[in-house]
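Enquirer: using only what follows, build the 3D model:
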Amino acid sequence: MTLQFSLGTHAPESVDSACIMVGVYEQGVLSSAAERVDRASGGLIRHQLESGDITGKAGSSSLLFAPSGIAAKRVLVVGLGVQKSFDGARYQKVTHEAARALGRLPVTAAVSYLTEVDVPGRDAGWRVRVAALASDFAAYRYTATFKPRDKAKPAELAAIAFAGGAGEQASLDQATAIAEGVRFARELANLPPNICTPVYIAGQARAFADNHDKVSCSVLDEVEMTTLGFGSLLAVGRGSANKPRLIALEYKGGNEGDKPYAFVGKGVTFDSGGISLKPGPGMEDMKFDMGGAAGVLGAFVAAVKMGLKLNLVCVVPSVENMPDGDSYRPSDVLTSLSGLTIEVLNTDAEGRLILCDALTWTARTFQPHTIIDAATLTGACVVALGKHASGLMSKHDDLAAELLAAGEETLDRAWRLPLWDDYQAQLESGFADVANIGGKTAGAITAGCFLSRFTDGQRWAHLDIAGTAWEEGRKGLATGRPVTLLAQWLISRSEE
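Expert: Model (predicted):
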């Protein structure tokens, strides 16, 4: 369930709420809302700062229960860190940690005054949107495959009001729509691969289309793709009992005849590596190898919910990569939909093999204005950028700049890697037009170079989200990235 958001203008000391949230910096500096609460409560916050019970450390929280002079039943005092170094990234972290702490309390609703905290270079609308998205992210719980609880559920946070006026309503509406897209993406990616198969993803796309105006869905099965010549995509799925699907969602929110923007997302619902089998430890995370598909579908959901005035296409090639007697092999030569032949040197470099056919089909079918693909494509990108930034590759400087700016605006950040022709030589093959891997060095870049061969004449960019699509650890969940980045990019395009 997505959190319900609203705006409020009541003073923090007089608002009737189960809990209010105010911020305190280190060195005893109080935010304006905290100052008002402190005065009304007879200096309670400052007394606890002096005693060391409240530190102001970034992301920390302390609960004051039923303080005298305050209408709210609880005050959650949230640490903001050092004031002079407070910035947008710190603000996002603080609002996220505050929502996590709030979720541990027996409350169903709260009021946040953290949106009144000054963030250099950011306006009130930005603060409201980021706080709402961070709060919804923290409130998300994956429950789909757990046994239903027999006993009564404890109180669960359902609504947050943010300090702000009517001028921030548009930003809050955007946050509501984007949060729904992020949750859609996270839920899809978190599902186990015995449930989330290519056919299941197709069903979810159809269900969304059936429930929304201006949205249509079409799905190609393996027979139709064979007829059309999807030789590269179909080879990857040959070893699985779960047959591949090519899923296309269309949203016609713009003018008739306007070229659509297009998203393409890698949808490998489980990646064993195929014949080039992956090591056992960590293979369970390969259910997340459809994170690109989840991300572009979530961004599509957000765009529809926002009612953006543009045309948008979302294409998902979805397969399962498994070892079998009919699996494709290293040294096979595949004929892609584009006609280019591909020498397979590693069956674990399968994402690019399904994307290349999907990119070709998307360009031919929709003649889009711009194509952006997202994929959990390479471990090399994780080595290069870690878990914080997605890898961005494009030969179009203006498009790369737009995406980087969208990432900075939302803090769903990307970092541009080169896509120089110098790297193309690593993909040369003695047996086909191109090899599917380029050797040990520059693995993320050569993967992007491979895809670029199938996007000639297209305004195209590639996002490698292998490091950002899910959290580390055995209990790590999907993040929903790059939904917010792509949603912001679409917002900016709709405003041009």
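
Enquirer: hmm, who's touching the host helix or strand of residue 95?
Expert: Assigned by DSSP states H and E, residue 95 belongs to helix 88-103. For helix 88-103, contacts defined as Cβ atoms under 8 Å, 6 or more residues apart in numbering pick out 19, 21, 23, 58-61, 63, 76, 78-81, 110, 112, 114, 117, 119, 121-122, 126-127, 130-131, 134-139, 156-157, 160, 411. Just so you know, the C-beta spots here come from the backbone N, C-alpha and C atoms, and that holds for glycine as well.

Enquirer: mind checking how far the helix or strand following that helix is from the chain centre?
Expert: Once the chain leaves helix 88-103, the next helix or strand it forms, by DSSP H and E, is strand 109-112. Offset of strand 109-112 from its chain centre (Cα atoms, centre = their mean, to the nearest Å): 25 Å.

Enquirer: how about the contacts made by the closest residue to residue 465 other than its chain neighbours?
Expert: Sequence neighbours aside, residue 390 is the residue nearest to residue 465 in space, at 4.8 Å (criterion: Cβ to Cβ, 6 or more residues apart in numbering). Counting by Cβ under 8 Å, 6+ apart, residue 390 touches 381, 407, 412-415, 463-465, 467-468, 481-482, 485.

Enquirer: and what of residue 250?
Expert: Applying Cβ under 8 Å, 6+ apart, the residues near residue 250 are 215-218, 260, 311-313.

Enquirer: quick check: which element contains it?
Expert: strand 245-252.

Enquirer: am I right that residue 62 is in a strand?
Expert: Yes. Assessed by DSSP: H, G, I helix; E, B strand; the rest coil, residue 62 belongs to a strand.

Enquirer: so what's residue 156 closest to, chain neighbours aside?
Expert: With Cβ to Cβ, 6+ apart, the residue lying closest to residue 156 is residue 108, at 6.6 Å.

Enquirer: what is the burial count for that neighbour?
Expert: 12 (other Cβ atoms under 10 Å).

Enquirer: please apply the same query to the one 3 residues further on.
Expert: Residue 111 is surrounded by 23 other residues when neighbours are defined as other Cβ under 10 Å.

Enquirer: burial measure for residue 256, as a count.
Expert: Neighbour tally, residue 256, other Cβ under 10 Å: 6.

Enquirer: relative to residue 169, how far out is it?
Expert: For residue 256, the distance to residue 169 equals 30 Å [Cβ to Cβ, to the nearest Å].

Enquirer: what of residue 75?
Expert: 26 Å.

Enquirer: so those two - more neighbours on which side?
Expert: residue 75 (28 against 14).

Enquirer: wasn't that one part of a helix?
Expert: No. Per three-state DSSP, residue 75 lies outside any helix segment and is strand.

Enquirer: residue 126: what's it in contact with?
Expert: 88, 119, 171, 409.

Enquirer: that one: which element?
Expert: Assigned by DSSP H and E, residue 126 falls in helix 124-139.

Enquirer: so residue 476 touches residue 470, yeah?
Expert: Yes. The criterion here is Cβ atoms under 8 Å, and residue 476 meets it with residue 470 at 5.5 Å.

Enquirer: shared neighbours, these two?
Expert: residue 285.

Enquirer: which element is residue 451 on?
Expert: helix 443-452.

Enquirer: name the residues that touch that helix?
Expert: Residues contacting helix 443-452 (Cβ under 8 Å, 6+ apart): 349, 351-352, 355-356, 359, 373, 377-381, 384, 391, 393, 395, 417-419, 423-424, 426-427, 434, 436-439, 460, 462, 464.
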